[in-house]
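Enquirer: what shape does this take:
(2 chains)
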2 protein chains.
Amino acid sequence: MSDQMYKKVALIGLGLIASSICHAAKRGGLVGEITGYARSQETRDIGREIGLCTVCDTGAEAVADADLVILCVPIGAMGPVMAEIAPHLKAGSTVTDVGSVKRAVFDAVLPHLPTGVHFVGCHPMAGTEHSGPRSGFAELFDSRWTLVVPGADADAQTVAQVEAFWQGLGAMTTQMDIDHHDLICAVVSHAPHLIAYTMVGVADDLGRVTDTEVVNYSAAGFRDFTRIAASDPTMWRDVFLTNKDATLEILGRFTEELFALQRAIRTGDGDHLHDYFTRTRAIRRGIIEAGQDTAAPNFGRGPSKS
Amino acid sequence: MSDQMYKKVALIGLGLIASSICHAAKRGGLVGEITGYARSQETRDIGREIGLCTVCDTGAEAVADADLVILCVPIGAMGPVMAEIAPHLKAGSTVTDVGSVKRAVFDAVLPHLPTGVHFVGCHPMAGTEHSGPRSGFAELFDSRWTLVVPGADADAQTVAQVEAFWQGLGAMTTQMDIDHHDLICAVVSHAPHLIAYTMVGVADDLGRVTDTEVVNYSAAGFRDFTRIAASDPTMWRDVFLTNKDATLEILGRFTEELFALQRAIRTGDGDHLHDYFTRTRAIRRGIIEAGQDTAAPNFGRGPSKS
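Expert: Numbering: from 1, shown residues only, chains lettered A, B, ... in the order given. From the prediction side, this is the model:
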């Protein structure tokens, strides 16, 4: 862990993921120097104020001489950012990203990639509902999976080095094909987020139930949806626009299943409901056994913590 | 708090809510004696083993001479249970319940209510995904709302006493009309539960994504749904069957809104998505400010706790 893996790492974008990488890389002693760049002056100022890394005023300056460049911007910004930094990338260096969709990122990044510079797609399956440079913390990736998506022409040694870097940040890693990645994420992340956003929007929009009532009585189930529906709007807009097909496919399956359950409610088919609810209970046990969630009731949040 | 509010309280059903009432009533010194009854021998045995209360082998025995009888059974069992205990209820005593639907409970209970016995509907808006007599804890109701639904013919003093009892258990209380209660619960609890059950069922059912993948990568959003989709199947079957109209209405609104967002994804209307996601973010802040959830990232669950 204490061997430096890269001499210089550049973070493009300084939000939750970038700032967490920064903290985790320092914790592990993984790199010599970290530079960072964010488009907004305010974000750069905060980055400097909290001493996150060497914050630069241009992407070109940040990536100069960097061995690893990590694109930590919303997916819609990946192409423009690559166009901007491409002429300044060091020969033999590696570019990677942390985007939630991989096909769109490859399509945006590869056309700008200079000969002799490597690209490996990555996706840390971790996050919180908070955003910005202050929201990062060193433990974000611990015991969570980072999916490594090499793409067709990747150099095996470069991929192995990127994978080792993520392991150094605390993550477990596995390699995956581009389209399978996008399908899995539609299931475990993109569709659930859209559904949570929808449910929260509906509750907010009902004339006959006030927002105060929704808020006060939210512990009965609703509040679980509000956490992921509080995630960064720009990031999620880009996710849905760029993983359109897989997300719409899963939402189609979801709607089909929801209609079947609505029909069971309407016709009073209690057995159908009971069987369905018994089956879904088992999945939660699997997630707890895999160490991906806490077994404590209510996610461990007690009255004393709220 | 240390003044005894009732000399003898009988719990019919010994699951999560009943056992939590037991612990909270003991903590507050609210009652002289607590008896309990559950239909299943196994549940009664566990109740005795953990010293929950005086466990009786019949409902009749449990309610004999009780000043307050609390029905803590699934909604579908409320009618049969009332028929069984009604002849044994003490004159002047109060029956209450903890069901998640109120119209159906009034319809099931009132026909069996002996003259001179009071009924006040109650609904503690608290719970966890765990069930059974071992799952209860004294803090479950602390700082959570219990909705008190007196019904048309309620005696004001009896209602006040029931309300004070719930406050003694740690809850905040408010009185509410039967149908408004059922509508609010469809929004904050019943529709969210059905949606969570549906999403978890869909993920379990996709041929091209394995259960192991769903489990391993669940921290990207999906796992938040699995908690409420792990709730008690019998209880929830009864909720949906008995709050049919309000739940189907909210699910109809949900589907409408989901279709609008799907259309925005399909047509690439990023502004619609961004506006929607910005609005939903505000509701989370309201819930945290009202003390109904924790502000800690990921509900405060860290890698160390999982």
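
Enquirer: quick one: contacts for the nearest residue to A:A126 once chain neighbours are set aside?
Expert: Closest residue to A:A126 apart from its sequence neighbours, by C-beta to C-beta, 6 or more residues apart in numbering or on different chains: A:R144 at 3.9 Å. In short, each C-beta sits where N, CA and C put it, glycine included. Counting by C-beta atoms under 8 Å, 6 or more residues apart in numbering or on different chains, A:R144 makes contact with A:P124, A:M125, A:A126, A:G170, A:A171, A:M172, A:Q292, B:A219, B:P303.

Enquirer: A:V105 too?
Expert: A:V105 makes contacts with A:L71, A:I75, A:M78, A:D97, A:G99, A:G121, as judged by C-beta under 8 Å, 6+ apart.

Enquirer: do the same with A:R208
Expert: A:R208 is in contact with B:L183, counting by C-beta under 8 Å, 6+ apart.

Enquirer: got a pLDDT number for it?
Expert: Listed pLDDT for A:R208 reads 80.

Enquirer: again with A:I283
Expert: Reading off the model, A:I283 has pLDDT 85.

Enquirer: repeat that for the one 5 residues further on.
Expert: On the pLDDT scale, A:I288 is placed at 86.

Enquirer: hang on, it in a helix?
Expert: Yes - the assignment for A:I288 by DSSP: H, G, I helix; E, B strand; the rest coil puts it in a helix.

Enquirer: neighbours of the closest residue to it other than its chain neighbours, how many?
Expert: Nearest residue to A:I288, sequence neighbours excluded (C-beta to C-beta, 6+ apart): A:A295, at 4.7 Å. The number of residues packed near A:A295 is 15, by other C-beta atoms under 10 Å in any protein chain shown.

Enquirer: now the phi/psi pair for A:A295, please.
Expert: phi -90, psi -10 (degrees, to the nearest 10).

Enquirer: now do the contacts for A:V120.
Expert: Applying C-beta under 8 Å, 6+ apart to A:V120 gives the contacts A:T94, A:V95, A:T96, A:V148, A:V149, A:P150, A:G151, A:A154, A:T158, A:V159, A:V162.

Enquirer: separation between the residue nearest to A:A126 and A:I12?
Expert: In this view, A:R144 and A:I12 are 22 Å apart by C-beta to C-beta, to the nearest Å.

Enquirer: next one: A:T234
Expert: A:T234 sits at a distance of 15 Å from A:I12 (criterion: C-beta to C-beta).

Enquirer: related to what we said a few turns ago, out of the contacts of A:V105, who's nearest A:T242?
Expert: Comparing these against A:T242 with C-beta to C-beta places A:I75 closest, at 5.0 Å.

Enquirer: if you skip the residues just before and after it, what's nearest to A:F254?
Expert: Nearest residue to A:F254, sequence neighbours excluded (C-beta to C-beta, 6+ apart): B:V202, at 5.1 Å.

Enquirer: which SS state does the one you found fall under?
Expert: Secondary structure state of B:V202, per three-state DSSP, is helix.

Enquirer: re earlier: what about A:T234 and A:I12, which has more around it?
Expert: Neighbour totals were compared for A:T234 and A:I12, and A:I12 leads with 28 against 19 (other C-beta under 10 Å).

Enquirer: got a list of what that one touches?
Expert: Residues near A:I12 by C-beta under 8 Å, 6+ apart: A:18, A:36-37, A:59, A:62-63, A:69-73, A:81, A:85.

Enquirer: would you turn these into a markdown table with neighbour count and pLDDT?
Expert: As requested, the contacts of A:I12 are arranged in a markdown table below (neighbours: other C-beta atoms under 10 Å in any protein chain shown; pLDDT from 0 to 100):
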| residue | neighbour count | pLDDT |
| --- | --- | --- |
| A:A18 | 26 | 98 |
| A:G36 | 28 | 98 |
| A:Y37 | 28 | 98 |
| A:G59 | 26 | 98 |
| A:A62 | 25 | 98 |
| A:V63 | 27 | 98 |
| A:V69 | 28 | 98 |
| A:I70 | 25 | 98 |
| A:L71 | 27 | 98 |
| A:C72 | 25 | 98 |
| A:V73 | 26 | 97 |
| A:V81 | 23 | 97 |
| A:I85 | 24 | 98 |
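
Enquirer: now, which of the residues you listed lie within helices?
Expert: Among the contacts of A:I12, the ones falling in helices (DSSP state H) are A:A18, A:G59, A:A62, A:V63, A:V81, A:I85.

Enquirer: all helices for the stretch 101-250 of chain A, in order.
Expert: A:103-109, A:156-168, A:178-185, A:191-205, A:211-216, A:223-228, A:233-242, A:244-267 (DSSP state H, counting those that start in this stretch).

Enquirer: let me know which of those is the nearest to A:A282.
Expert: Nearest of the helices of the stretch 101-250 of chain A (C-beta to C-beta): helix A:244-267, 16.7 Å.

Enquirer: excluding chain neighbours, give the residue nearest to A:H123 in space.
Expert: Leaving out its chain neighbours, the residue that sits closest to A:H123 by C-beta to C-beta, 6+ apart is A:L147, at 4.6 Å.

Enquirer: the one you found touches B:Y217, doesn't it?
Expert: Yes - between A:L147 and B:Y217 there is a contact at 7.5 Å, judged by C-beta atoms under 8 Å.

Enquirer: common neighbours of those two, please.
Expert: A:M125, A:I184.

Enquirer: which one of these two has more residues nearby?
Expert: Neighbour tally, A:L147 and B:Y217, criterion other C-beta under 10 Å: the higher count belongs to B:Y217, 28 against 24.
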